[in-house]
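Visitor: Based on what follows, work out the 3D shape:
(one chain, ligands or ions: 2)
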Amino acid sequence: MTKVKTHFGELTVQEGIVPGDFTNIPIIDLSNLDSPDLASRRALADEIYDACTRVGFFYIKNHGIPPENVRAMHEAAQAFFALSHEKKMEYYLGKSNRYHGYSPLSGEHSDKDLFGSQTNLSESFDIGYEIAGDPSKSLSTDILPSDPFELYGGNQWPDDSVLPGFRTTYLAYFRACLALSRKLLRTFALALDLDEGYFDGFVTFPGCMSRLLHYPPQAVQGEERAGIEAHTDFECFTILSQDSVPALQVLNSSNQWVTAAPIPDTLVVNVGDFMSFWTGGKFRSTVHRVTNLTGENRYSVPFFFGVNYDATVEVLPTCVPESGEGAREAVKAGQVCA
Ligand SMILES: O=C(O)CCC(=O)C(=O)O
Ligand SMILES: [Fe+2]
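Guide: Ligands and ions are numbered 1, 2, ... in the order given. Okay, here's the model as predicted:
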């Protein structure tokens with residue numbers, strides 16, 4: 001048995017072959033995400049239900065985010081990490097009251113109880129939700145809601161004299177991910193036998209964040225330091241754009257690491273702890289890690305999609321068994337994420 005800590009308690013990974021387990025990660029075509037035909041949307045929801053309950057990870061193709069946006073995002077990420085250490089430290093996350101910004105190489109510890117003092121072989125740059133990053137909002141009429149959890153905004157942007165177009169590119173990508181996430185959540189609702197609009201009111205000012213990640217080659221030849229140690233994500237779900245360097249691995253219930261190899265023009269979606277909680281455990285928040293053993297630089301851009309921080313969430317009505325067993329106390333989203 002392997003034990004992994006998540007935001008909703010300790011998770012035990014079973015050994016042995018488990019029926020319904022996975023050895024590869026499904027690829028789901030999102031062409032019908034907006035189809036006017038309910039039967040086509042339902043068929044897509046069924047595929048997503050299978051992936052979320054059995055694997056917790058799936059690739060998406062025909063997701064609607066233009067390839068040039070994705071390419072520009074990766075170029076911007078490379079340009080950011082190519083800045084000098086001193087320059088990057090001007091955006092150090094410790095300078096933001098929301099902990100958004102730059103985290104230097106080896107600056108982040110994984111869970112100390114599980115991994116000792118080993119630090120991750122990666123550097124990152126984080127941003128959180130801001131009005132300009134939401135395609136359904138207007139800077140002239142919308143303002144952020146009151147924020148008792150102090151989680152929105154606080155972004156530290158390099159200006160155009162440092163990195164021309166960086167903020168514009170990142171916000172365009174963030175908006176595209178946010179629009180796609182809202183649509184995907186409607187499909188999740190269908191998959192869970194809920195009204196398609198069930199979640200809409202939960203994601204009006206969604207608790208989203210995104211990060212740029214750089215995993216350099218191993219510092220010492222032959223060393224196998226993780227870029228990010230085994231963990232689960234804690235929001236509803238993550239949309240990940242990876243470059244062409246394979247390093248992401250996903251743990252199945254038989255304790256095998258399944259590589260999520262990069263597939264051109266796809267993104268990777270994975271369920272987070274929050275969605276797992278919301279579905280009473282029906283949707284799997286699957287353990288994953290990143291180890292770059294390729295000798296090349298690897299870049300990735302996850303977008304973490306969560307609900308409004310002031311939303312109160314309890315296990316969904318269609319996910320509470322009739323016995324009532326498995327019902328959990330309601331939680332405030334911001335409390336869990338803070
Ligand atoms: O870089 C990747 O492929 C995954 C990153 C990840 O798992 C995370 O940031 O939570
Ligand atoms: Fe992750």
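Visitor: got the buried residues for the longest helix along the chain?
Guide: Longest helix in the chain by number of residues (criterion: DSSP state H): helix 166-191. Using 16 or more other CB atoms under 10 Å as the test for burial, helix 166-191 gives 166-167, 169-178, 180-182, 184-191. Using the backbone N, CA and C atoms, a C-beta is placed for each residue, glycine as well.
Visitor: residues near E329, how many?
Guide: When neighbours are defined as other CB atoms under 10 Å, E329 has 6 of them.
Visitor: Thought V315 was touching it, still the case?
Guide: No: when contacts are counted by CB atoms under 8 Å, E329 is not listed as touching V315 (9.4 Å).
Visitor: residues in contact with the helix or strand containing F274?
Guide: Per DSSP states H and E: F274 is located in helix 273-278. Helix 273-278 has contacts (CB atoms under 8 Å, 6 or more residues apart in numbering) with 6-8, 52, 188, 232-237, 282-285, 306-307, 313, 315-316, 319, 328, 331, 333, 336.
Visitor: Downstream of it, the next helix or strand is which one?
Guide: As assigned by DSSP H and E, the chain's next helix or strand after helix 273-278 is strand 288-290.
Visitor: do that following strand and ligand 1 meet?
Guide: Yes: Strand 288-290 comes into contact with ligand 1 (CB under 6 Å from any ligand atom), by way of 288, 290.
Visitor: What strands line up against that strand, and which way round?
Guide: Next to strand 288-290 in the sheet, as set by DSSP bridges, lie strand 228-231 (antiparallel), strand 248-251 (antiparallel).
Visitor: And the pLDDT at the residue in the stretch 101-250 of the chain positioned nearest to ligand 1?
Guide: Proximity of the stretch 101-250 of the chain to ligand 1 (CB to the nearest ligand atom) peaks at L248, 3.8 Å away. pLDDT recorded at L248 is 97.
Visitor: what bridges to it?
Guide: For L248, the beta-bridge partners are V290 (DSSP bridges).
Visitor: That one is in contact with V290, isn't it?
Guide: Yes: using CB under 8 Å, L248 makes contact with V290 at a distance of 5.4 Å.
Visitor: More neighbours: those two, which one.
Guide: For L248 versus V290, neighbours defined as other CB under 10 Å are more numerous around L248 (27 against 23).
Visitor: so what's S96 up against?
Guide: Going by CB under 8 Å, 6+ apart, S96 touches 154-156.
Visitor: and which of those residues is nearest to Y99?
Guide: The closest of the contacts of S96 to Y99 turns out to be G154 (CB to CB; 7.5 Å).
Visitor: quick one: that closest one is in a strand?
Guide: No: G154 is assigned coil when assessed by DSSP: H, G, I helix; E, B strand; the rest coil, not a strand.
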